[in-house]
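>>> sequence first, then the predicted structure, then my questions.
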Amino acid sequence: MTRQGPPVRLTSRQRRINRNMILRTLTDHGFRDALEVNPQVVLGRPMSASNQHEIRLVLAAVKGIEAQIKALGDELHCLSDTPPGRGSPV
């Protein structure tokens with residue numbers, strides 16, 4: 001489903017809230033599960049279309065961050081398998 005209409009402009013307060021929500025979603029699996037399953041409980045109010053859009057953006061950002069972390073972990077693992085002097089920092 002694609003969003004119709006002009007792009008949503010977020011205020012600095014909304015960006016800060018989203019950033020904090022991303023950090024909490026990355027570190028608190030219970031919060032993430034609740035956000036994915038029942039976001040209105042997390043927000044403590046009924047969901048507006050704008051809230052739903054922001055929640056989708058937050059969850060997409062978290063998914064992207066986790067993909068980057070996984071890729072970095074795979075790269076570090078490969079570096080640790082090489083003998084010293086052959087690309088390994090140790």
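Structure received. Numbers count the residues shown, from 1 in each chain.
>>> what ranges does the protein have for its helices?
All helices of the chain, identified by DSSP state H, fall at 12-27, 29-37, 39-43, 49-80.
>>> need those in a markdown table with mean neighbour count, can you?
Any C-beta I mention is one placed from the backbone N, CA and C, and that applies to glycine too. Converted to a markdown table, the helices of the chain look like this (neighbours: other Cβ atoms under 10 Å):
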| stretch | mean neighbour count |
| --- | --- |
| helix 12-27 | 13 |
| helix 29-37 | 13 |
| helix 39-43 | 15 |
| helix 49-80 | 13 |
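>>> where does the chain dip in pLDDT?
1-8, 77-90 (pLDDT under 70).
>>> center of it - which residue?
Centre of the chain computed as the mean C-alpha position; nearest residue by Cα atoms, centre = their mean is residue 62, 1.3 Å away.
>>> which residue sits closest to it, ignoring its sequence neighbours?
Leaving out its chain neighbours, the residue that sits closest to residue 62 by Cβ to Cβ, 6 or more residues apart in numbering is residue 25, at 4.8 Å.
>>> what's near enough to touch that neighbour?
Shown in contact with residue 25 (Cβ atoms under 8 Å, 6 or more residues apart in numbering): 31, 32, 35, 58, 59, 62.
>>> dump the residues you listed into JSON lines; add distance to residue 75 as well.
Below are the contacts of residue 25 laid out as JSON lines (distance: Cβ to Cβ, whole Å):
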{"residue": "31", "distance to residue 75": "29"}
{"residue": "32", "distance to residue 75": "25"}
{"residue": "35", "distance to residue 75": "29"}
{"residue": "58", "distance to residue 75": "26"}
{"residue": "59", "distance to residue 75": "25"}
{"residue": "62", "distance to residue 75": "21"}
